[in-house]
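Q: A structural model of the following input is requested.
(one chain, ligands or ions: 2)
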Amino acid sequence: MKYIWLDCDPGHDDATAILLAVHAPDIKLLGVSTSHGNAGATNTMNNAARCLHAFGAPDDIKIYPGAPKPLIRLLRHDPQIHGPDGLGGVEGLPSITHPEVAARIQKDINGQKSAHAIHGLADAIRDTWKDGEGHHVTIVATGPLTNIALFVSVYPDLVTGVDEIVFMGGGVGIGNRSAVAEFNILCDPEAAQIVLDVPVKKIMIPLNVTHTAILTREIHRKLLSPESPPTETNSPLPAAVTPLRHMLSTLVSFFAESYESTFGFTRGPPIHDALTVAYIFNPQLFGARRFRVDIELGGAHTAGETVVDIWNYKGCDDTWGRDGKNCIVTESLNVDRFFEFFLDCVKRCDQV
Ligand code: BDR
Ligand code: CA
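A: Numbers count the residues shown, from 1 in each chain. Ligands and ions are numbered 1, 2, ... in the order given. Just a heads-up that it's a prediction; the model follows:
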């Protein structure tokens with residue numbers, strides 16, 4: 001069993017990561033924290049609560065709101081990709097006014113410390129790790145890394161209770177929100193460098209890999225109608241069979257349109273964030289190597305770039321210092337098996 005904490009900024013693909021985190025076999029989701037990112041912090045917090053409810057997560061899985069802004073940089077969101085509230089076009093999600101949805105959100109009443117993302121994560125690690133008598137916690141991050149950077153800075157002693165940090169972010173030579181910077185890293189480059197410097201195993205899932213996880217029309221059709229035989233590529237999509245599948249279908253359709261109009265993706269949208277949970281479920285789905293990774297914190301044209309030392313210019317020692325290889329970078333994905341896993345989790349979710 002893997003015990004995980006999910007830090008996210010939902011976001012269409014974050015929503016798919018939440019679904020997998022709730023329903024993947026042998027994974028126990030301890031809690032969810034949210035940050036600024038695809039939309040403002042209030043929206044991402046509400047969206048996470050709405051998704052947890054829609055996906056039938058146990059009531060004890062709570063949302064811990066985190067950083068509303070990056071450490072240093074100016075705040076940015078991405079309405080072009082995710083709509084103004086972060087989950088544009090998604091039909092069938094419960095409203096945040098629904099009492100059971102609102103009840104998931106941990107509020108900071110009278111300065112009660114466990115309400116904030118970093119304190120919620122600290123409590124989860126203490127309760128799970130039990131000073132070495134219990135289990136490690138894996139941190140999964142699918143948004144800007146602000147909350148995780150704050151956590152490791154405020155609670156360095158608890159890092160021993162962390163097994164690994166798996167994050168979606170960066171690219172090897174490519175970006176999506178500048179020529180070389182990926183959105184999550186670009187939002188808070190300093191936070192990303194702090195996380196890369198932490199002496200714990202890190203796994204980066206960059207654009208080079210997530211861009212292979214395209215949710216094509218064929219997979220969209222399977223999502224809507226899992227038992228129906230394959231049809232012509234351009235035939236109309238069949239009617240959704242359950243409210244969950246209808247909801248996911250509207251999510252995919254909006255995301256597909258964003259990706260086509262913004263980046264010219266014609267086969268479908270890449271569901272970047274879902275790969276983090278797939279990695280935890282089965283790292284063998286990925287090819288990966290260890291490299292030195294740093295973030296470009298200056299740069300007239302390259303701020304937020306993940307600088308991956310593929311030729312090992314920084315030396316080959318394996319320490320956690322500034323020169324050692326500090327990150328496992330995934331390089332490939334078994335796409336068919338990934339989508340099998342994805343559809344299997346949707347099926348489990350449907351049965352709740
Ligand atoms: C990342 O940025 C957001 O658009 C997605 O949610 C994903 O986490 C991809 O660059
Ligand atoms: Ca995200």
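Q: Just to be sure, Val32 is in a helix?
A: No: looking at Val32 with DSSP: H, G, I helix; E, B strand; the rest coil, it is strand, so not inside a helix.
Q: Distance of it relative to Thr242?
A: 23 Å (C-beta to C-beta, to the nearest Å). Every C-beta, even on glycine, is put in place using the N, C-alpha and C of the backbone.
Q: Those two: who's more crowded?
A: The neighbour comparison of Val32 against Thr242 (other C-beta atoms under 10 Å) goes to Val32, with 31 against 14.
Q: in the sheet, who's paired with that one?
A: Leu6, Ile63 (DSSP bridges).
Q: can you pull the contacts of it?
A: Counting by C-beta atoms under 8 Å, 6 or more residues apart in numbering, Val32 touches Trp5, Leu6, Asp7, Cys8, Ile18, Ala21, Ala48, Leu52, Ile61, Lys62, Ile63, Tyr64.
Q: ok, the fifth one touching Leu52?
A: Looking back up the chat, that one is Ile18. Yes: with contact defined as C-beta atoms under 8 Å, Ile18 reaches Leu52; the gap is 6.5 Å.
Q: And the strands in the stretch 101-250 of the chain, which stretches?
A: Counting by DSSP state E, counting those that start in this stretch, the stretch 101-250 of the chain has strands at residues 137-141, 162-168, 201-205.
Q: Of all those, which one comes closest to ligand 2?
A: Ligand 2 lies closest to strand 162-168 among these, at 6.5 Å (C-beta to the ion).
Q: Quickly check: the closest one near ligand 1 or not.
A: Yes: part of strand 162-168 sits near ligand 1 under the criterion C-beta under 6 Å from any ligand atom, namely Met168.
Q: ok, Arg177 to ligand 1 distance?
A: Arg177 sits 7 Å away from ligand 1 when distances are taken as C-beta to the nearest ligand atom, to the nearest Å.
Q: interface residues of the stretch 101-250 of the chain facing ligand 2?
A: Thr142, Gly143 (C-beta under 5 Å from the ion).
Q: Determine whether the claim that Thr42 is in a strand is correct.
A: No: counting by three-state DSSP, Thr42 falls outside a strand, being helix.
Q: Local confidence estimate at it?
A: Looking at Thr42, its pLDDT stands at 97.
Q: Could you pull up the contacting residues of it?
A: Each residue near Thr42 by C-beta under 8 Å, 6+ apart is listed here: Pro68.
Q: how many other residues sit next to the residue in the stretch 101-250 of the chain that ligand 1 sits nearest to?
A: Distance from ligand 1 to each residue of the stretch 101-250 of the chain (C-beta to the nearest ligand atom) is smallest for Phe183, at 3.7 Å. By the criterion of other C-beta under 10 Å, Phe183 has 27 neighbours.
Q: Check Tyr155 too.
A: 17.
Q: same question, Thr266
A: 9.
Q: what does Pro144 give?
A: Counted with other C-beta under 10 Å, residues neighbouring Pro144 total 33.
Q: So for the nearest residue in space to it that is not next to it in sequence, what's the pLDDT?
A: Distances taken as C-beta to C-beta, 6 or more residues apart in numbering place Cys187 nearest to Pro144, at 3.7 Å, with adjacent residues excluded. The confidence metric pLDDT takes the value 98 at Cys187.
Q: if I pick the residue nearest to Tyr64 when sequence neighbours are not counted, what's in contact with it?
A: Sequence neighbours aside, Gly120 is the residue nearest to Tyr64 in space, at 3.3 Å (criterion: C-beta to C-beta, 6+ apart). By C-beta under 8 Å, 6+ apart, Gly120 lies in contact with Gly31, Ser33, Lys62, Tyr64, Gln106, Ser114.
Q: Can you give me the neighbour number for the nearest residue to the fifth one once chain neighbours are set aside?
A: To tie it back to what came earlier, the one meant is Gln106. Using C-beta to C-beta, 6+ apart and skipping residues adjacent in sequence, the residue nearest Gln106 is Ala115, 4.6 Å away. Neighbours of Ala115 under the rule other C-beta under 10 Å: 17.
Q: What of Gly92?
A: 15.
Q: Trp311 too?
A: Using other C-beta under 10 Å, Trp311 is surrounded by 7 other residues.
Q: Surely Val180 touches Glu305?
A: Yes: using C-beta under 8 Å, Val180 is in contact with Glu305, at 4.1 Å.
Q: who has more neighbours, those two?
A: In this view Val180 and Glu305 are compared by other C-beta under 10 Å, and Glu305 has more residues nearby, 25 against 21.
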